[in-house]
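S.K.: No sequence on hand, only this structure:
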Ligand SMILES: Nc1ncnc2c1ncn2[C@@H]1O[C@H](COP(=O)(O)OS(=O)(=O)O)[C@@H](OP(=O)(O)O)[C@H]1O
Ligand SMILES: Nc1ncnc2c1ncn2[C@@H]1O[C@H](COP(=O)(O)OP(=O)(O)O)[C@@H](O)[C@H]1O
């Protein structure tokens, strides 16, 4: 039995003066997912909008601490985050997820959980060489030295999306700043009415 309450999504959205949705950021490690997620969240906070970030690194400390990086566990990681993101969107929140989410099938399964238009995929289109050169956590060195196996982009696949709503492309030395990238995401949300009830 599905229990229904008189306070529904529409009422919550009216309260918050915004529409719930999922902004799904995908890309290689080091492509800037967490940075752009934080910039979107910060700017929207200043505009009085409620967001919540589900970051792969963070979620893997709690809800998904039982999962590894083999393909089946990545699929389960994405599935759980997709379901949680759907609940946040139903709560009226702009939920920003920041996970590598390397497999198209897993991303598309999350898209299918949301009503049309409410799953907004953002592809961090940054070449592997740039991500590896940034490597703020020193992670790429490990698979290169043969110390770990199955690292995305090195010896585990990343399937780039072909039909993302937003592509944030690295354009060489003078690439867009995190704030400029965030502005692109926020314009998209604004144009489609997500920043109003
Ligand atoms: N083998 C392997 N491959 C890729 N990434 C690895 C791996 N091992 C650890 N890490 C660190 O885990 C972060 C990615 O976690 P995600 O939950 O986003 O990955 S996934 O969506 O399930 O593929 C990723 O964080 P980001 O750099 O923020 O992407 C890495 O810090
Ligand atoms: N637009 C950008 N331009 C230049 N450097 C960036 C940009 N976005 C992120 N970075 C830098 O790249 C590195 C990786 O960013 P991060 O957000 O941690 O990536 P991810 O979450 O995809 O692993 C960090 O050192 C960050 O400061």
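M.R.: Yep, that arrived. Values in this document were obtained by computation on a predicted structure and should not be read as measured data. Ligands and ions are numbered 1, 2, ... in the order given.

S.K.: Need phi/psi at the nearest residue to residue 141 once chain neighbours are set aside.
M.R.: Nearest non-adjacent residue to residue 141, counting by CB to CB, 6 or more residues apart in numbering: residue 135, 7.1 Å away. C-beta: built from backbone N, CA, C; applies to glycine. Note on residue 135: its backbone torsions stand at phi 30, psi 60 [degrees, to the nearest 10].

S.K.: I figured residue 135 was touching residue 143, is that so?
M.R.: No. The pair residue 135 and residue 143 fails to qualify as a contact (CB atoms under 8 Å) at a distance of 11.2 Å.

S.K.: where along the protein do the strands fall?
M.R.: Per DSSP state E, the chain has strands spanning 21-26, 51-55, 94-98, 119-125, 166-169. These are given in chain order.

S.K.: Ignoring the adjacent residues along the chain, who's closest to residue 54?
M.R.: residue 97 (4.6 Å).

S.K.: who's sitting farthest from the centroid in the chain?
M.R.: In terms of distance from the mean C-alpha position of the chain, residue 1 ranks first, at 31.5 Å (CA atoms, centre = their mean).

S.K.: OK, contacts around that one?
M.R.: Taking CB atoms under 8 Å, 6 or more residues apart in numbering, we find residue 1 in contact with no residue.

S.K.: Would you check how far apart it and ligand 1 are?
M.R.: For residue 1, the distance to ligand 1 equals 33 Å [CB to the nearest ligand atom, to the nearest Å].

S.K.: can you check residue 87 too?
M.R.: Counting by CB to the nearest ligand atom, the gap between residue 87 and ligand 1 amounts to 18 Å.

S.K.: if you count what's nearby, which of residue 135 and residue 143 comes out ahead?
M.R.: Taking residue 135 and residue 143 together and counting by other CB atoms under 10 Å, residue 143 has the greater number of neighbours (17 against 14).

S.K.: Just list the residues touching that one, thanks.
M.R.: Contacts were defined as CB under 8 Å, 6+ apart; by that measure residue 143 touches 149, 150, 151, 154, 155.

S.K.: do residue 83 as well
M.R.: Residues touching residue 83, when contacts are defined by CB under 8 Å, 6+ apart, comprise residue 113.

S.K.: Mind listing what's buried along the helix ranked longest in the chain?
M.R.: The helix spanning the most residues in the chain, taking DSSP state H as the definition, is helix 71-90. Taking 16 or more other CB atoms under 10 Å as the neighbour-count basis, helix 71-90 is seen to contain the buried residues 74-78, 81-82, 84-86, 88-90.

S.K.: for stretch 43-62, same thing?
M.R.: Within stretch 43-62, the residues scored as buried using 16+ other CB under 10 Å are 43, 44, 49, 50, 51, 53, 54, 55, 56, 59, 60.

S.K.: again, but for stretch 171-189
M.R.: Buried residues in stretch 171-189, defined by neighbour count with 16+ other CB under 10 Å: 176, 178, 181, 182, 185, 186, 189.

S.K.: Quickly list what the closest residue to residue 23 other than its chain neighbours is bridged to.
M.R.: Leaving out its chain neighbours, the residue that sits closest to residue 23 by CB to CB, 6+ apart is residue 96, at 4.6 Å. Here residue 96 sits in beta bridges with residue 23, residue 53, as judged by DSSP bridges.
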